[in-house]
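>>> Starting from these lines, generate the structure:
(chains A, B, C and D)
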There are 2 protein chains.
Amino acid sequence: MEKKETAKERILRVANELFYHEGVRAVGIDRIIHESGVAKASFYRSFATKDDLVAEYLEQRRLQFLANIEHARKEHPESSFEQLLFLMDYLAERMKRPAYRGCSFMNTIVEFPETEHPNHVKALASRSDIWDEVTLLIQEAGLPNPHDLSEQIRMLWSGAAMVAYINKADFKPELFSVAAKTLINSHRVSAD
Amino acid sequence: MEKKETAKERILRVANELFYHEGVRAVGIDRIIHESGVAKASFYRSFATKDDLVAEYLEQRRLQFLANIEHARKEHPESSFEQLLFLMDYLAERMKRPAYRGCSFMNTIVEFPETEHPNHVKALASRSDIWDEVTLLIQEAGLPNPHDLSEQIRMLWSGAAMVAYINKADFKPELFSVAAKTLINSHRVSAD
DNA sequence: TATGAATGAGACAGATCTGTCTATTTTATT
DNA sequence: AATAAAATAGACAGATCTGTCTCATTCATA
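From the prediction side, this is the model:
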């Protein structure tokens, strides 16, 4: 038999959708409560504060992104270099989807600019976390100066996420993946 | 004799500082009023609403960025290609300054995600405006596929702005300018 | 069916922010 | 010096949001 979705799971699913697509500040508790069909008291039995819900939302997003990297690893189990190239193409495709609304971590950091705010802290940590994983992939691929290349790809990818969010109509995924490969190749030849 | 700064100019100067460094939503009217040493009624004689002040803040930022491009043009009056390379180096240096806090247009767009909000609309228009100017520079440099290259540089530059804001300690300006030149060069050779 | 626990609906308090308004003080001009 | 205009300080209303609390209803189990 199917396990029914608990109230907490339903809230988290609705919050994930609303926070990502409309912004954390723009979506109030009342909105989440109504759309997940739960009472206010029930909400506050699952989450002590709104920020606690935001933290769990960001954690979900972190795990979802790590799954993308895992997917790339499984797709090309023999070569870390191929995993890296696949990841670039894969991310490019994801960014052109209509529902794409940028990087939840960058968006949350900008929405909560106070550096000690728990939402800011959690988003920053999540972003560092996933980026460490990408850097690891670059290192495993045996590319020279992996940290420098990782930094350049982080810039390109962060900007692609913003453009795909802000200027959706202009975003061309192949321009991103070609640029990423150009940067990767420039490191290969410069090592000879 | 020196013309004294008017109340409106003082408000605008304070707002420019506070909005940029702490965020538009985080800085309230009361804060701006106190720090610019003006009364609330006087403020509302110069600006009908807070959003009107935000619009003028963004307009200031737009003009400041256009001045950067103008600076690059004057520095290398003979060659648009050199102007473009100079602009990349120049922006890289600006992004590493301690006071740098990212792109005010991207930040404002993320802070006001509702696409019809006046602050969102103004920031988006300003961003498009300055980017048209960069695209023009690329066209004048005679590079092939100027729109594609412009898009790639926009991604890289947008991401560099975010990294320089969010991960200031990690930001290395030369990695940005080298990456930009790598992308520019890749267009030159691919045209042969 | 009866009973106790969990949930729903929503009122309410408290905080925060924008924008208005009033009363007092300062400034400028004749 | 007198008077009119403008600026100041800050109280206040109204909106919005989070989080608490009450009370009625539903649900599960004996």
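
>>> Show me what the helix ranked longest in chain A is packed up against.
Assignment by DSSP state H gives helix A:50-75 as the longest helix of chain A. Judged by 3 or more CB pairs under 8 Å, 6 or more residues apart in numbering or on different chains; DSSP states H and E, helix A:50-75 is in contact with helix A:7-22, helix A:80-96, helix A:104-111, helix A:118-140. Where C-beta positions appear, they are placed from N, C-alpha and C, glycine not excepted.

>>> Which other helices and strands does the helix or strand that the first one is followed by contact?
Meaning helix A:7-22. The helix or strand immediately downstream of helix A:7-22 is helix A:29-35, counting by DSSP states H and E. In terms of contacts (3+ CB pairs under 8 Å, 6+ apart), helix A:29-35 is packed against helix A:7-22, helix A:40-46.

>>> Quick check: which of the helices and strands packed on helix A:50-75 is nearest to residue B:51?
Smallest distance to residue B:51 across these (CB to CB): 17.8 Å, for helix A:104-111.

>>> and the gap between residue A:107 and residue A:61?
10 Å (CB to CB, to the nearest Å).

>>> before we move on, back to that, any part of the longest helix of chain A near DNA strand D?
Yes: using CB under 7 Å from any atom of the strand, helix A:50-75 reaches DNA strand D at A:50-51.

>>> any idea how far DNA strand C is from the closest residue to residue A:22 other than its chain neighbours?
Nearest residue to residue A:22, sequence neighbours excluded (CB to CB, 6 or more residues apart in numbering or on different chains): residue B:113, at 6.2 Å. Between residue B:113 and DNA strand C the computed distance is 17 Å (CB to the nearest atom of the strand, to the nearest Å).

>>> Can you report how many residues lie near residue B:113?
Neighbours of residue B:113 under the rule other CB atoms under 10 Å in any protein chain shown: 20.

>>> Repeat that for residue A:157.
25.

>>> So which elements touch the helix or strand where it lies?
Using DSSP H and E, the element containing residue A:157 is helix A:146-166. Judged by 3+ CB pairs under 8 Å, 6+ apart, the packing partners of helix A:146-166 are helix A:80-96, helix A:104-111, helix A:118-140, helix A:173-190, helix B:104-111, helix B:146-166, helix B:173-190.

>>> what is the mean pLDDT for the fourth one?
Computed over helix A:173-190, the mean pLDDT rounds to 92.

>>> send the alpha carbons of it over as CSV?
What follows is helix A:173-190, C-alpha atoms only, in CSV (Å, rounded to 0.1, in the frame of the first residue of the first chain):
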residue,chain,number,x,y,z
PRO,A,173,21.9,26.7,-23.6
GLU,A,174,24.4,25.8,-26.2
LEU,A,175,26.2,29.1,-25.8
PHE,A,176,26.7,28.2,-22.1
SER,A,177,28.0,24.7,-22.8
VAL,A,178,30.2,25.8,-25.6
ALA,A,179,31.7,28.5,-23.4
ALA,A,180,32.3,26.0,-20.6
LYS,A,181,34.1,23.7,-22.9
THR,A,182,36.1,26.5,-24.3
LEU,A,183,37.3,27.3,-20.8
ILE,A,184,38.0,23.7,-20.1
ASN,A,185,40.0,23.3,-23.3
SER,A,186,42.0,26.4,-22.6
HIS,A,187,43.3,24.8,-19.5
ARG,A,188,44.2,21.6,-21.3
VAL,A,189,46.3,23.3,-24.0
SER,A,190,47.9,25.8,-21.6
